[in-house]
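A.B. asks: the amino acid sequence is not available; the structure is as follows:
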């Protein structure tokens, strides 16, 4: 029974992880890539930059002189007031903990630090908007005015919302939209109902019948069934 329960949990985690990998939801088929080391000279103030990260695509606004403004989740400001320490490059561990704690700021870093070893792409999102982007200087000024501590939500207020507001006048996140559509497909898939029912039964058999196990499993299975 334990092996069955473990197998079901692994299957569910794998399914969620696959669909949570924002990098898979890239809408572009063609992208012009330029490493920061060779592309900085061609960047213009107000350009929208994007770079693949571990589980998503990260966005920023180029301010000129090799600097980028970008919204970064970061747990460190909640733990320390040391500005020198906070000013160092945000590692993936700091970022993930910041996402969980919903702690973020719009900060200015070098293109190299922003890229974090990835390939920088420039103004690719222009083709996804019907309206033309704002003039580059206004885009850069908007980004500069927003530098500092900010609210954060992985789905509703992330780095993509920040750059689209600066460059196009209103916040949009294509990654979020695609992720939500995928979650809808998972919920509507009747196999999810069977999996949740089997997992609930396994938990009940292992841990016994009780409000802390039976009720949540029943509510989850019922919700998935009604939504499918």
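C.D. replies: Happy to help now that I have it. In this text, all values refer to a predicted model and were calculated from it rather than measured experimentally. Numbering: from 1, shown residues only.
A.B. asks: so where does residue 96 fall, helix or strand?
C.D. replies: Taking DSSP states H and E as the criterion, residue 96 maps to helix 92-101.
A.B. asks: which strands or helices does that helix pack on?
C.D. replies: Contacts defined by 3 or more Cβ pairs under 8 Å, 6 or more residues apart in numbering; DSSP states H and E place helix 92-101 against strand 67-73. From N, CA and C alone the C-beta is placed, and that goes for glycine too.
A.B. asks: what sits closest to residue 59 if chain neighbours are left out?
C.D. replies: Residue nearest to residue 59 in three dimensions, not counting chain neighbours: residue 163, with 4.2 Å by Cβ to Cβ, 6 or more residues apart in numbering.
A.B. asks: before we move on, the earlier item: buried stuff in the helix or strand just after the helix holding residue 96?
C.D. replies: The helix or strand immediately downstream of helix 92-101 is strand 104-110, counting by DSSP H and E. Residues of strand 104-110 classed as buried by neighbour count (16 or more other Cβ atoms under 10 Å): 104-109.
A.B. asks: again with stretch 88-106
C.D. replies: Buried, per 16+ other Cβ under 10 Å, within stretch 88-106: 90, 94-95, 97-99, 103-106.
A.B. asks: what's the end-to-end length of that stretch?
C.D. replies: 14 Å (Cα to Cα, to the nearest Å).
A.B. asks: do the same with stretch 141-159
C.D. replies: End-to-end distance of stretch 141-159 (Cα to Cα): 17 Å.
A.B. asks: correct me if wrong: residue 180 contacts residue 155.
C.D. replies: Yes: contact criterion Cβ atoms under 8 Å: residue 180 and residue 155 qualify, at 7.2 Å.
A.B. asks: can you list the domains in the chain?
C.D. replies: In the assignment given by automatic domain parsing, the structural domains of the chain cover 2-19+181-227, 26-172.
A.B. asks: weakest of these by average pLDDT?
C.D. replies: Among these, domain 2-19+181-227 carries the lowest mean pLDDT, a mean of 55.
A.B. asks: which residue ranges of this structure form helices?
C.D. replies: With DSSP state H as the criterion, the chain has helices at 2-20, 36-39, 83-86, 92-101, 111-115, 136-145, 159-168, 174-188, 190-207, 214-227.
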